[in-house]
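# Here is a sequence with its predicted model. Questions after.
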Amino acid sequence: MIQKLITACLVLLAGSCQILPPEVEWEDVRADYEPRLNILGVLSSDSLVTSFVRVHRTLRVDEAADTLMRDTVFGGIVPYYASRFVVRDAKVTLNNGTKDYDLQFKKFDEKNERLQEAYVYSGDDLIIQPGTKWTLSITEPGGLSASGATTVPPLPEIDETQLPDSFNINQTMDIIWTAQPEHYQLVNVSNLLSHYYIYQEPDYDNCGFWQKFIATPGETAWNYRREPCDEQRPDKKEEEENVEDFLLINIMSMDTNYYNYILKHGGDQEFASLFLGQGGSGQSFGIVGGMGFFGAIEFDRHYLPIVR
């Protein structure tokens, strides 16, 4: 075929031979995907964990991920880009069967990043109690809506009578708690000073303290030990021995929705993040009409002095 084309060009002389490309037909690509709400809602009675609901939505393929917004700072107008995933003007309502609790959007919280761009309750009469059933209702101006339901799990309880008066870093320790036949529980152990960033590199002071254990329904005990760490620098070892520190034992009970989304499927990249992007199928636990989850958790804690 190529030889015939060359021969034809030579016969026609003077480069008058032109090979025209075929006509290109452009295909009009259309997306019929409709956005959905993506919810992350957590209820808790714990004083250190505020109940909150985060509302996002997936985007159509023709939508930009960011939008230009304006805010007033010290009397001036400051433009900034904000994510279109975040729904800032939804009506978010919790109900315990007797009363509605309307949540307000919180743009920024310098003390708790989890509450940034989340809906929280501003009153002091939202009381979360074990065994109570809660429903969640969400509507946004664009017409999207979703609902959810959860039952608050029982309060976990550490058996403090079975704990020593202090924790020696060279010994093991049995942590015992009350069984919950129908709920998973998560045990977290860490040292207090690591939460305040007092220690610096190479972080051997934190090494080994941070441990977690997922207790299946009915399970009641775990043998905790500080994991071996790299050899300590002599100068840091002497410094540590003079610093007071505490071992934090934290146990959390959770409903089925929380367990399925956070622990069981927490590694599934498709829907572990709130930012699912266009057309992600996602999964939902405790949510109807959207994706994500609506769950409840409860806590118990205990502190032990650390002996080095």
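Received it, and whenever you're ready, just let me know what you need. Residues are numbered from 1 along each chain as shown.
# how about low-confidence regions in this structure?
By pLDDT under 70, the weakly predicted segments of the chain are 1-33, 59-84, 108-114, 196-206, 229-242, 267-282.
# Buried residues in stretch 116-126, which are they?
Using 16 or more other C-beta atoms under 10 Å as the test for burial, stretch 116-126 gives 117-121, 126. Heads up, the C-betas are built off the backbone N, CA and C, glycines and all.
# how about the residues you listed in CSV, adding secondary structure and distance to residue 166?
Listed next are these as CSV, based on DSSP: H, G, I helix; E, B strand; the rest coil; distance: C-beta to C-beta, whole Å:
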residue, secondary structure, distance to residue 166
117, coil, 42
118, strand, 38
119, strand, 42
120, strand, 38
121, coil, 39
126, coil, 38
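# from these, which single one is nearest residue 102?
residue 121 (7.8 Å; C-beta to C-beta).
# Help me confirm that the closest one comes into contact with residue 43.
No: using C-beta atoms under 8 Å, residue 121 makes no contact with residue 43, being 10.3 Å away.
# where do the contact lists of the two overlap?
Residues touching both residue 121 and residue 43 (C-beta atoms under 8 Å, 6 or more residues apart in numbering): 51, 94.
# which residues touch the residue lying closest to residue 139 once chain neighbours are set aside?
Excluding its sequence neighbours, the residue lying closest to residue 139 (C-beta to C-beta, 6 or more residues apart in numbering) is residue 145, at 4.5 Å. By C-beta under 8 Å, 6+ apart, the residues touching residue 145 are 37, 137-139, 289.
# Need the max-distance pair from the residues you listed.
That would be 37 and 137, which, of the contacts of residue 145, are the farthest apart (C-beta to C-beta) at 11.4 Å.
# Can you pick out the residue with more neighbours from the two?
residue 37 (24 against 16; other C-beta atoms under 10 Å).
# so who does the more buried one touch?
55-57, 87, 138, 140, 144-146, 289-292.
# For it, list each beta-bridge partner.
residue 57 (DSSP bridges).
# so how far is residue 144 from it?
5 Å (C-beta to C-beta, to the nearest Å).
# ok, residue 138 touching residue 89?
No: counting by C-beta under 8 Å, residue 138 stays clear of residue 89, with 11.5 Å between them.
# who's more crowded, the two?
Each of residue 138 and residue 89 has its neighbours counted (other C-beta under 10 Å); residue 138 has more, 25 against 9.
# which ones are touching residue 104?
Residue 104 neighbours (C-beta under 8 Å, 6+ apart): 119-122.
# quick revisit: who touches both of residue 37 and residue 144?
Common contacts of residue 37 and residue 144 (C-beta under 8 Å, 6+ apart): 57, 87, 290.
# Looking at the residues you listed, which is nearest residue 168?
Using C-beta to C-beta, those come closest to residue 168 at residue 290, 49.6 Å.
# Going along the chain, name the strands of the stretch 1-150 of the chain.
Ranges of strands within the stretch 1-150 of the chain are 37-44, 52-57, 66-73, 76-83, 91-95, 100-106, 118-120, 133-139, 145-151, based on DSSP state E, counting those that start in this stretch.
# Repeat that for the stretch 201-308 of the chain.
211-215, 221-225, 246-254, 284-285, 287-288, 291-307.
# I'm done for today, thanks for sticking with me.
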